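Novice: Quick one: sequence plus predicted model below, questions after.
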Amino acid sequence: MTTKAAFARPASIAAGLTFLLLVATASRYGYHRDELYFLAAGRHLDWGYPDQPPLVPLLARGLDTGSLTLLRVPSALSAALVVFMAGLMARRLGASTYAEWVASIGTALSGLVLATGHLLSTSTVLILGTTTLTFLVVLLSQGANPRLWLLAGLVGGLTFQGHVLVGFVLLAIALVSRGRRGPVAAGFIALTIGASYLIWQATHGWPQLEVAADIAEGGSATSVSRSLFLVTLVLQLGLWLTPVWVLGLWRSIRDRTLRPLPAAFLILVALFLVIGGKPYYVDGFLPFLMAAGAQPLVDAVARWVPAALLAASAPAFVFTLPVLPVDSVGPVLAINPAGETIGWPSFADQVEHVVAPGQVVITANYGQAGALQR
């Protein structure tokens, strides 16, 4: 086996296991309320919606066969790709085979990968797009063909059609990158691809700005106060993984060629903290930070310490995936996104039994509306 093949094996195995785990648990419990909304939106395709671009509703429409597993396969594949890129970035940054295992498995065990890999959501698109952009920047920092900026623009534009906040990611990277032609070209391509959604928003009075203001005021179920922003970010990235990604942040800040990525990360953390964004908006930087920090951690501590940190992160399965029986999950549902996948069929049945044919039903939220349409 060649050295390159040996190094690629940890990333490939970790990515494959991540995909298999997510597919195996995809059909447990039921549809998430966001998925019910995407399915409903997909039945009324448009160039945009008040709170999102059209990519995820389009995917939901194409995968609306009644199979929950099929609906979630793209998310599982996305998570696997994120894990794979974490391992590849670690290898590009000089990691040993053991350190590549740490980066790959650590990324796979983070709450963000498991949660977004389990459900079809706009955050899934954002994290995959951000991770891909960081991977391309790593390649560019090591002397890759500058035309990769064009690919970065393509990635940014496609991601923008799933989650607009990738625009902030591209802008932050461009502001701190050396040279201007590549980032400007990437921005132009991304803007061209995303123009249809911007036009839709402009012709409808920019409703997404109202949604953003509501999120900042705590109107979303996943909104957090500014005082809890950093704490929530650490918990989402994985508490026991903190030594790895903090070392990655420190190492990349000190490395002039890699510095644009940690600089962009810190700029965005500060921005979303000030304007009241959600912590997961920057979660797509975690694979890079894990990749950058894995080898420094392995060099600094006893060999068993990284393995212990990964083992301590294993309970993330319980808090992010539907691995427990429905009747025994108890308070776990309060913090597990899978908690919003339980009870929709019975809710719809109850409404059907008390509402006469032809009557209009006004629901309290989009999840209830999606369940009734389903």
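Specialist: The structure has been received and is ready for your questions.

Novice: Find the helix or strand that the spatially most central residue of the chain is a member of.
Specialist: For the chain, the residue sitting closest to the mean C-alpha position, by Cα atoms, centre = their mean, is residue 127 at 3.0 Å. Take DSSP states H and E as the rule and residue 127 turns out to sit in helix 122-141.

Novice: Enumerate the positions of that helix that are buried.
Specialist: 122-141 (16 or more other Cβ atoms under 10 Å). (Glycine included, C-beta is placed from N, CA and C.)

Novice: contacting residues for the residue nearest to residue 11 when sequence neighbours are not counted?
Specialist: Spatially, and ignoring its direct neighbours in sequence, residue 11 is nearest to residue 87 (2.4 Å; Cβ to Cβ, 6 or more residues apart in numbering). Counting by Cβ atoms under 8 Å, 6 or more residues apart in numbering, residue 87 touches 8, 10, 11, 12, 14, 15, 100, 103, 104, 107, 291.

Novice: again, but for residue 59
Specialist: Residue 59 touches 38, 42, 74, 120, counting by Cβ under 8 Å, 6+ apart.

Novice: want to try CSV for the contacts of residue 87, with pLDDT, distance to residue 26 and neighbour count as columns?
Specialist: Formatted as CSV, the contacts of residue 87 follow (pLDDT from 0 to 100; distance: Cβ to Cβ, whole Å; neighbours: other Cβ atoms under 10 Å):
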residue, pLDDT, distance to residue 26, neighbour count
8, 66, 26, 18
10, 89, 24, 26
11, 92, 22, 25
12, 93, 21, 16
14, 93, 19, 24
15, 95, 16, 24
100, 94, 27, 28
103, 93, 25, 37
104, 94, 21, 33
107, 93, 20, 36
291, 96, 27, 34
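
Novice: Including secondary structure and distance to residue 284, could the residues you listed go into CSV?
Specialist: Listed next are the contacts of residue 87 as CSV, based on DSSP: H, G, I helix; E, B strand; the rest coil; distance: Cβ to Cβ, whole Å:
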residue, secondary structure, distance to residue 284
8, helix, 22
10, helix, 21
11, helix, 17
12, helix, 21
14, helix, 18
15, helix, 16
100, helix, 20
103, helix, 15
104, helix, 16
107, helix, 11
291, helix, 13
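
Novice: Who are the contact partners of the closest residue to residue 171 other than its chain neighbours?
Specialist: Nearest non-adjacent residue to residue 171, counting by Cβ to Cβ, 6+ apart: residue 187, 7.3 Å away. By Cβ under 8 Å, 6+ apart, residue 187 lies in contact with 153, 156, 170, 171, 174.

Novice: which among these gets closest to residue 269?
Specialist: residue 171 (14.6 Å; Cβ to Cβ).

Novice: And residue 156, what's its pLDDT?
Specialist: With respect to pLDDT, residue 156 scores 96.

Novice: Apart from its neighbours in sequence, what residue is nearest it?
Specialist: residue 190 (3.6 Å).

Novice: Okay, strands next: where are they in the stretch 151-300 of the chain?
Specialist: For the stretch 151-300 of the chain, strands defined by DSSP state E, counting those that start in this stretch do not occur.

Novice: Give me the below-cutoff pLDDT ranges for it.
Specialist: For the stretch 151-300 of the chain, the stretches with pLDDT under 70 are 218-223.

Novice: let's see it at 90
Specialist: Within the stretch 151-300 of the chain, the stretches with pLDDT under 90 are 175-181, 211-241, 274-280, 300.

Novice: mind listing the helices for it?
Specialist: 166-176, 181-203, 207-216, 229-237, 242-254, 260-275, 286-300 (DSSP state H, counting those that start in this stretch).

Novice: Can you add distance to residue 53 and give the ones you listed back as JSON lines?
Specialist: Below are the helices of the stretch 151-300 of the chain laid out as JSON lines (distance: least, Cβ to Cβ, whole Å):
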{"stretch": "helix 166-176", "distance to residue 53": "10"}
{"stretch": "helix 181-203", "distance to residue 53": "4"}
{"stretch": "helix 207-216", "distance to residue 53": "9"}
{"stretch": "helix 229-237", "distance to residue 53": "23"}
{"stretch": "helix 242-254", "distance to residue 53": "29"}
{"stretch": "helix 260-275", "distance to residue 53": "19"}
{"stretch": "helix 286-300", "distance to residue 53": "23"}
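
Novice: Go through those helices and name the closest to residue 111.
Specialist: Among the helices of the stretch 151-300 of the chain, the nearest to residue 111 by Cβ to Cβ is helix 229-237 (5.3 Å).

Novice: quick check, nearest of the contacts of residue 59 to residue 52?
Specialist: Closest approach to residue 52 among the contacts of residue 59 (Cβ to Cβ): residue 38, at 8.6 Å.

Novice: Shouldn't the closest one be within a helix?
Specialist: Yes: applying DSSP: H, G, I helix; E, B strand; the rest coil, one finds residue 38 inside a helix.

Novice: Give the burial count for it, as a bare number.
Specialist: 28 (other Cβ atoms under 10 Å).

Novice: quick one: it and residue 113, what's the gap?
Specialist: Relative to residue 113, residue 38 is positioned 20 Å away (Cβ to Cβ, to the nearest Å).

Novice: and residue 244, what is it in contact with?
Specialist: 102, 103, 106, 289, 290, 293, 294, 297, 306, 309.

Novice: And for the residue lying closest to residue 125 once chain neighbours are set aside, the neighbour number?
Specialist: Excluding the flanking residues, the one nearest residue 125 by Cβ to Cβ, 6+ apart is residue 162, at 3.1 Å. Using other Cβ under 10 Å, residue 162 is surrounded by 24 other residues.
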